[in-house]
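Student: Sequence first, then the predicted structure:
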Amino acid sequence: MLVLSGCASVSESSGGSAGGTSSASDSNNATASTGGVKKIIVGTGTGFPNVCFIDENGKLTGYDVELVREIDKRLPDVEFEFKTMEFSNLLLSLETNKIDFVAHQMETNPEREQKYLFNKVPYSIFLNRVTVAKDNNTIKGLDDLVGKKVLTGATSNAAYLLNEYNKTHNNGIDVVYTSGAANDTVQQIVSGRVDATITTDFANRFNTDADGNVALKTVGEPLNQSNVFFVFRKDEQPLSDEIDKAITEIKADGTLKKLSEQWLGDDFTQTLEEAKVAK
């Protein structure tokens with residue numbers, strides 16, 4: 001790999017499992033220095049459409065990948081190298097120093113925050129809304145879910161929101177838990193077994209019917225936001241801080257918005273407050 005002084009370049013390697021190898025991870029620590037430029041191994045996947053995937057030309061690309069490349073351009077003292085693997089192996093590879101951070105649309109939760117470090121500036125912000133069948137015109141917001149069955153994942157942000165609502169509304173919403181499969185959600189809502197779910201406009205694009213058409217719609221005001229971050233080991237605060245500075249610049253000059261629109265189909269970089277002001 002050629003490392004040029006004064007500029008950084010992203011290269012790629014592949015590992016089908018957490019035990020996959022790359023030129024920079026032969027030691028116990030993924031980070032290596034070459035010619036004064038620090039090499040950073042970035043763990044990502046290849047099976048997340050629009051986010052991290054292999055295109056028709058065999059190139060690793062997508063929103064998370066191209067954002068990392070943009071960050072790399074703005075940090076001349078580091079060189080990023082991608083290492084691809086199954087999603088289930090990413091955090092294990094981080095723990096065992098095979099990669100230095102994870103780029104795969106990761107959200108925080110209390111368990112993850114105990115073990116890992118998240119950067120502070122989110123690079124995707126998804127707003128959760130009530131989601132119903134396309135022909136449902138009676139449910140228009142959270143209050144309309146009282147007396148209805150709402151499908152959600154047991155540990156999701158949506159489940160937390162619904163249970164908090166129930167605490168002050170006499171358990172009015174019947175919360176039904178699912179395994180999280182998108183087709184199962186569509187079938188249960190379209191068939192009338194449940195009435196709604198909570199999801200984002202971006203995630204709803206994957207709620208398709210047998211013909212590949214989006215089967216559900218989001219309604220009402222945004223309820224809360226889910227922030228997406230990069231994930232680091234706890235001892236990587238300096239690297240996290242550097243990346244936060246770069247993301248702040250990338251958002252300020254409009255590049256983050258452009259990347260989001262290009263790869264995700266809309267501007268998913270606005271906070272809940274910013275979205276309400278824009279509306």
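Tutor: Received, thanks.
Student: Any buried residues in the top helix by length along the chain, and which?
Tutor: Looking only at the chain and at elements set by DSSP state H, the helix with the highest residue count is helix 237-252. Within helix 237-252, the residues scored as buried using 16 or more other Cβ atoms under 10 Å are 239-240, 242-244, 246-247, 250-251. Using the backbone N, CA and C atoms, a C-beta is placed for each residue, glycine as well.
Student: what comes up buried for the longest strand seen in the chain?
Tutor: Ranked by residue count and defined by DSSP state E, the top strand of the chain is strand 216-232. Burial within strand 216-232, assessed by neighbour count using 16+ other Cβ under 10 Å, is assigned to 216-220, 222-223, 225-232.
Student: Just name the closest of the residues you listed to Leu60, please.
Tutor: Closest approach to Leu60 among those (Cβ to Cβ): Phe230, at 16.6 Å.
Student: so who does the closest one touch?
Tutor: With contacts defined as Cβ atoms under 8 Å, 6 or more residues apart in numbering, Phe230 is in contact with 101-103, 106, 118-119, 123, 240, 243.
Student: how near is the residue most central in space within the chain to Leu67?
Tutor: With distances taken as Cα atoms, centre = their mean, Gln105 lies nearest the centre of the chain, 1.9 Å away. Using Cβ to Cβ, to the nearest Å, Gln105 is found at 11 Å from Leu67.
Student: Could you tell me how many residues sit around the nearest residue to Ile247 once chain neighbours are set aside?
Tutor: Closest residue to Ile247 apart from its sequence neighbours, by Cβ to Cβ, 6 or more residues apart in numbering: Val121 at 4.5 Å. Using other Cβ atoms under 10 Å, Val121 is surrounded by 17 other residues.
Student: give the contact list for Val121.
Tutor: 229, 244, 247-248, 251.
Student: low-confidence ranges in the stretch 151-279 of the chain?
Tutor: Counting by pLDDT under 70, the stretch 151-279 of the chain contains low-confidence ranges at 155, 179-183, 276-279.
Student: which residues in it form strands?
Tutor: According to DSSP state E, counting those that start in this stretch, the stretch 151-279 of the chain carries its strands in the segments 174-178, 196-200, 216-232.
Student: Any idea which of those gets closest to Leu94?
Tutor: Distance to Leu94, taken as Cβ to Cβ, is lowest for strand 216-232 among these, at 6.5 Å.
Student: The closest one pairs with which strands, and in what direction?
Tutor: Using DSSP bridges, the strands paired with strand 216-232 are strand 101-107 (antiparallel), strand 117-118 (antiparallel), strand 124-133 (antiparallel).
Student: Tell me the one of the buried residues of helix 237-252 nearest Thr44?
Tutor: For the buried residues of helix 237-252, the minimum distance to Thr44 (Cβ to Cβ) is 14.4 Å, reached by Ile243.
Student: Spatially nearest residue to the closest one (excluding sequence neighbours)?
Tutor: Asn119 is the one closest to Ile243 (Cβ to Cβ, 6+ apart), at 5.5 Å.
Student: where does the one you found land on pLDDT?
Tutor: Asn119 is assigned a pLDDT of 98 by the prediction.
Student: what sits against the closest residue to Asp195 other than its chain neighbours?
Tutor: Spatial nearest neighbour of Asp195, excluding adjacent residues (Cβ to Cβ, 6+ apart): Lys148 at 3.9 Å. Applying Cβ under 8 Å, 6+ apart to Lys148 gives the contacts 139, 173-174, 194-196.
Student: Against Ala203, how distant is the closest residue to Phe229 other than its chain neighbours?
Tutor: Of all residues not flanking Phe229 in the chain, Phe118 sits nearest, at 4.2 Å (Cβ to Cβ, 6+ apart). Noted for Phe118: a distance of 20 Å to Ala203, by Cβ to Cβ.
Student: Next: Asn119.
Tutor: From Asn119 to Ala203 the distance is 22 Å (Cβ to Cβ).
Student: So these two - more neighbours on which side?
Tutor: Higher neighbour count among Asn119 and Ala203: Asn119, with 22 against 17, using other Cβ under 10 Å.
Student: Give me the buried stretch members for stretch 185-204, please.
Tutor: Residues of stretch 185-204 classed as buried: 185-186, 188-190, 194-204 (neighbour count, 16+ other Cβ under 10 Å).
Student: Among those, find me the one that's closest to Gly36.
Tutor: The nearest one, if we look at the buried residues of stretch 185-204 relative to Gly36 and count by Cβ to Cβ, is Phe202, at 39.6 Å.
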